[in-house]
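Asks: sequence? don't have it. structure:
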């Protein structure tokens, strides 16, 4: 197991290397002078020259790359062109809200969706099944901002149970943090509940036709044990895949939700950077997103081996 | 008078809840007594499995419904029992083992825990007592190193070991009734023999009544006390084993028995002077498992296999699963590339020529696969499937279709079948189509890879007859891969016996199958179920010998 983990981490290095190279070339290979791109339209020649020197643009490409990677490894992602803050620091501020929302959303979604999917498969073809599937279609089709605004209207404006929007760090106390998390989590988990419930149901239906489920029933154990002990664990692999990729998607930013609830997350940072052509931030975001996917995929693969003893790498 | 354990009376099982639905089981009555084995025999679709699932209360809910009759287990009615009561009875009073030991165990739970689940559900024993009982049961089913196997996952065990686990699980609470649904069909003959004698032994020790479902008359002869023959949901005939095998009263039973291929090889045809069409020379296939670090594992699937096949003759490759017989067939047809050695097809070496150069030779050797349900493309008409090969080799479409019609008639199907789809045919008919498809290219060699193994005996007999007839008419050479010695005895001129990728023995079928020289061949023959019976002549083989002496 440990050997496998080391091998996988080792194998992630070239993947990240390719991404880094791409990110590096992104700026250098764009037509025109990178310094001019970075400096924007109204730059003075002195400013251009300063940027050129600071980026080492007068050096050969390979030297530039080595210098850049070296800086990267030391946590220096450059400075934002807009705010003039170090990119590392900007991301650092945004990570907490994004991770909090992603975790709470995925946890809520799994808690609600997996039982729904199991019950739908168990009662396959009955009204319960159709109800769950109907709910799932609804979850897919209603946009997250609509759900968000409805929730705000009911629970924040009419009932005044929770604040309308905003984010408080958990270091400011759990209460303020938690009450601001409730609405975005609910709004965002809607679609994930739909997705995971559907996946769970489909996987369970496959497994329920298997011989070992019949064997389990022939042993005289009750249906709950048949479902949980025999069917669900075998159905888990595709469900875990969906949960994992959903989680990666969530961390790497959910712009609409962040906008609706005014949360300073990674999604909005990315969109702002793209709109403002803040290249150092864009580069950092690409690197970060790739890293998230590599890590999440690694975790998914590890989960496979824990769930199914037949899967060995 | 011994006790009746299972009493099925006038049972009817229909499709759907509504009255008037199609009857899958139509009024069958059978009894199984203590210490007795009743074999329920029938071909596919006869309703034998539905009977057993109805007894266990395991029918798919809502689709198949018992609509009349009764099933009594030691006097207790099962059809009206509550789900809760049925759950209590399962494993304690009645237990079941299934056909596929590969899929019948949960792959993600260690086998010991799967047996333990039975005890946890139905007894109040503590963990230590349960484990002791499980290990004891595992020893009774003759599993080695019980402690290790207890903690093993199913995929670590062989098919025979898994079936032993299933039997241990079924019998750990000493149920009065054991239902065995084709428990040895997926196993090799040598394993099958062991499992059959194990069931016998445990039955003797525990006094269990056994309802044994099978399609294999050989197995029936080995294990049955009484036999019940089913056909299309009805009971055809019941009686003691000897009476049914010697004096079947019903036409259907007679036909069923007459279709069982004899283990006694057919009279040898005279030595052939025809040219050699296929030669394999020291053919080997090694699978290498690549490892990231360290040395990869090597599996030798075929080890220096040498064989020759003459025009108009049939060469059988027999062996158990994992013997490498299919690997050899696939190497010869170049579906996979051999690691070393040569294959000469009509005098030309094809083992190592490139795919492109191979193309013109492909038409000289064609293959028919085991499963007729999966080897034909379901979305292509039968005619197009047959014509595809010739069209590939440049025959015009109308001409190829005309040829397809002729071929369908050759294999005993109507010519207008060309425009129909595979799902409109039965398994036997599909295998005929697959044969027609292979013949479409006028091959010199036809490779039949377990081509009759998935078929019912009566259909199997017809397909074997067809192959024989085609060989006589077209002079084609057949390479026949099978695990079934009875089939090999009936169709092969020469046989090659394989084990662990190596050829153990080869020679004329009449010689190898009657006077085997190697211990492995002897063991294989010895394990063939029902070897003492000459089914087609309704008498034991020994009497036959006695009569000729």
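Replies: Done, it's in. Model, not experiment: these values are computed from the prediction.
Asks: Find the closest residue to chain B in chain A.
Replies: Across chain A, the shortest distance to chain B (Cβ to the nearest Cβ) belongs to residue A:220, at 3.3 Å. All C-beta atoms are positioned from the backbone trio N, CA, C, and that covers glycine.
Asks: That residue reaches residue B:90, doesn't it?
Replies: Yes: Residue A:220 lies in contact with residue B:90 (Cβ atoms under 8 Å); the separation is 3.3 Å.
Asks: residue ranges with poor pLDDT in chain B?
Replies: B:1-2, B:290-296, B:543-549 (pLDDT under 70).
Asks: picking up where we left off before, checking the residue of chain A closest to chain B next. Helix, strand or coil?
Replies: When classified by DSSP: H, G, I helix; E, B strand; the rest coil, residue A:220 comes out as coil.
Asks: Contacts only, for it.
Replies: Contacts for residue A:220 (Cβ atoms under 8 Å, 6 or more residues apart in numbering or on different chains) come out as B:86, B:87, B:88, B:89, B:90, B:91, B:92, B:118, B:121, B:122.
Asks: redo that, cut-off 7 Å
Replies: B:87, B:88, B:90, B:91, B:121, B:122 (Cβ atoms under 7 Å, 6 or more residues apart in numbering or on different chains).
Asks: what does residue A:262 give?
Replies: A:165, A:166 are the contacts of residue A:262 under Cβ under 7 Å, 6+ apart.
Asks: swap in residue A:39?
Replies: Residue A:39 is in contact with A:47, A:48, A:51, counting by Cβ under 7 Å, 6+ apart.
Asks: who wins for most neighbours among those residues?
Replies: For those, neighbours were counted using other Cβ atoms under 10 Å in any protein chain shown, and residue A:51 has the most, 19 neighbours in all.
Asks: That one looks like it's in a helix, true?
Replies: Yes: the assignment for residue A:51 is a helix, going by three-state DSSP.
Asks: Need the per-residue pLDDT for it.
Replies: We note a pLDDT of 76 for residue A:51 in this prediction.
Asks: Quick check, it in contact with residue A:37.
Replies: No: in this structure, residue A:51 is not within contact of residue A:37 by Cβ atoms under 7 Å, at 9.6 Å.
Asks: returning to that earlier point: kindly indicate which of the contacts of residue A:39 lies nearest residue B:492.
Replies: Using Cβ to Cβ, residue A:51 is the member of those that lies nearest residue B:492, at 83.8 Å.
Asks: If we ignore the residues flanking it in sequence, what's nearest that closest one?
Replies: Distance criterion Cβ to Cβ, 6 or more residues apart in numbering or on different chains; nearest residue to residue A:51, sequence neighbours excluded, is residue A:35 at 4.4 Å.
Asks: can you check residue B:77 too?
Replies: Distance criterion Cβ to Cβ, 6+ apart; nearest residue to residue B:77, sequence neighbours excluded, is residue B:70 at 5.8 Å.
Asks: hmm, who's touching the strand or helix carrying that neighbour?
Replies: In this assignment (DSSP states H and E), residue B:70 forms part of strand B:64-73. Outside strand B:64-73, the residues that touch it by Cβ under 7 Å, 6+ apart are B:5-17, B:24, B:27, B:50, B:54-55, B:77-79, B:89, B:93-94, B:177.
Asks: Where strands are concerned, which of these count?
Replies: Applying DSSP state E to those, the entries found in strands are B:5-15, B:24, B:27, B:77, B:94, B:177.
Asks: Is there a quick PyMOL command that grabs whichever of those are buried?
Replies: Command for PyMOL that selects the buried part of these, burial taken from 16 or more other Cβ atoms under 10 Å in any protein chain shown:
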select buried, chain B and resi 5+6+7+8+11+12+13+14+24+94+177
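Asks: Closest to chain A out of the ones in strands among the contacts of strand B:64-73?
Replies: Closest approach to chain A among these (Cβ to the nearest Cβ): residue B:94, at 9.0 Å.
Asks: which residues sit in contact with the closest residue to that closest one other than its chain neighbours?
Replies: Computed as Cβ to Cβ, 6+ apart, the closest residue to residue B:94 that is not its neighbour in sequence is residue B:177, at 4.2 Å. Applying Cβ under 7 Å, 6+ apart to residue B:177 gives the contacts B:5, B:6, B:32, B:73, B:93, B:94, B:209, B:211.
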